[in-house]
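> I'll drop the sequence and a predicted model, then ask my questions.
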Amino acid sequence: MRNLLLAALLGALPFTASAADGISYDYIEAGWTQFEINDDWLGDPDGDGGYLRGSFSIARNVHLFGAYATVSTTYDYDDARIKYELAQPEFGIGYHQEMTGNLDFTADLAWVRVNGEVKVSGTGDPDLDGTYKDHTNAGRVTTGVRGKPSPRTELWLKGGYLDGSDLDGSFVGTLGGQLAFTPAWGLVGEVEVIEDTTRFNVGIRASF
């Protein structure tokens with residue numbers, strides 16, 4: 001995973017010289033991610049991993065975006081070990097409209113897939129030891145704002161709805177920001193909340 005993230009960032013180097021000083025919808029980003037589930041019965045589990053995402057303009061006010069995140073965590077119960085792995089690819093289309101010189105209205109529509117895998121070992125029972133997999137597909141729609149409070153900072157806030165065949169409809173809220181080192185490179189942080197699940201991202205973005 002680390003090699004994939006590094007290769008993606010290095011691949012963006014030839015484009016960084018053309019990054020603009022304004023709000024860019026053309027970028028590639030990679031970093032660390034963590035999922036936390038607020039569930040007392042499960043002991044508030046969490047998992048760490050990495051993510052990769054990018055955005056590419058296809059028209060003046062329209063862009064395509066995609067992302068892939070994966071996290072894992074392991075629990076030991078006496079001699080048994082349970083490893084949880086979660087992978088989430090997504091792909092979507094976004095629209096943005098300038099409200100002021102430094103503030104855009106945004107709207108996104110995305111397909112989201114959640115792949116879950118549980119590996120159980122060491123129980124001594126062949127009916128329990130093994131790998132169990134499941135997945136679900138969902139759609140997400142959000143609207144919000146994205147702006148630049150200063151030449152080196154950027155903030156975005158959006159809210160919406162996530163629903164799928166195996167999911168109850170849930171509110172989605174996202175708050176994020178970027179601190180730019182140069183017009184091309186910046187440090188990104190983001191928090192996303194979906195009901196009892198919170199995801200944190202910290203990464204490096206290359207805009208072009």
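Noted; the coordinates are in hand.
> so residue 26 touches residue 56, yeah?
Yes: with contacts counted by Cβ atoms under 8 Å, residue 26 reaches residue 56, the gap being 5.7 Å. Quick note: C-beta positions are derived from backbone N, CA and C, even for glycine.
> who's more crowded, the two?
Neighbour tally, residue 26 and residue 56, criterion other Cβ atoms under 10 Å: the higher count belongs to residue 26, 17 against 13.
> give the residues shared as contacts by residue 26 and residue 56.
Shared contacts of residue 26 and residue 56 (Cβ atoms under 8 Å, 6 or more residues apart in numbering): residue 63.
> where along the protein do the helices fall?
For the chain, the helices defined by DSSP state H cover 2-11.
> quick check: which ranges of it have low pLDDT?
Low-confidence segments of the chain, defined by pLDDT under 70: 1-21, 39-45.
> repeat that with 50
The chain contains residues with pLDDT under 50 at 1-10, 12-20.
> neighbours around residue 166, how many?
Neighbours of residue 166 under the rule other Cβ under 10 Å: 10.
> and the gap between residue 190 and residue 59?
According to Cβ to Cβ, to the nearest Å, residue 190 and residue 59 sit 25 Å apart.
> what do you get for residue 153?
From residue 153 to residue 59 the distance is 27 Å (Cβ to Cβ).
> the more surrounded of those two?
Using other Cβ under 10 Å, the more surrounded residue of residue 153 and residue 59 is residue 153, with 13 against 7.
> which residues does the more buried one bridge with?
Counting by DSSP bridges, residue 153 forms beta bridges with residue 150, residue 179.
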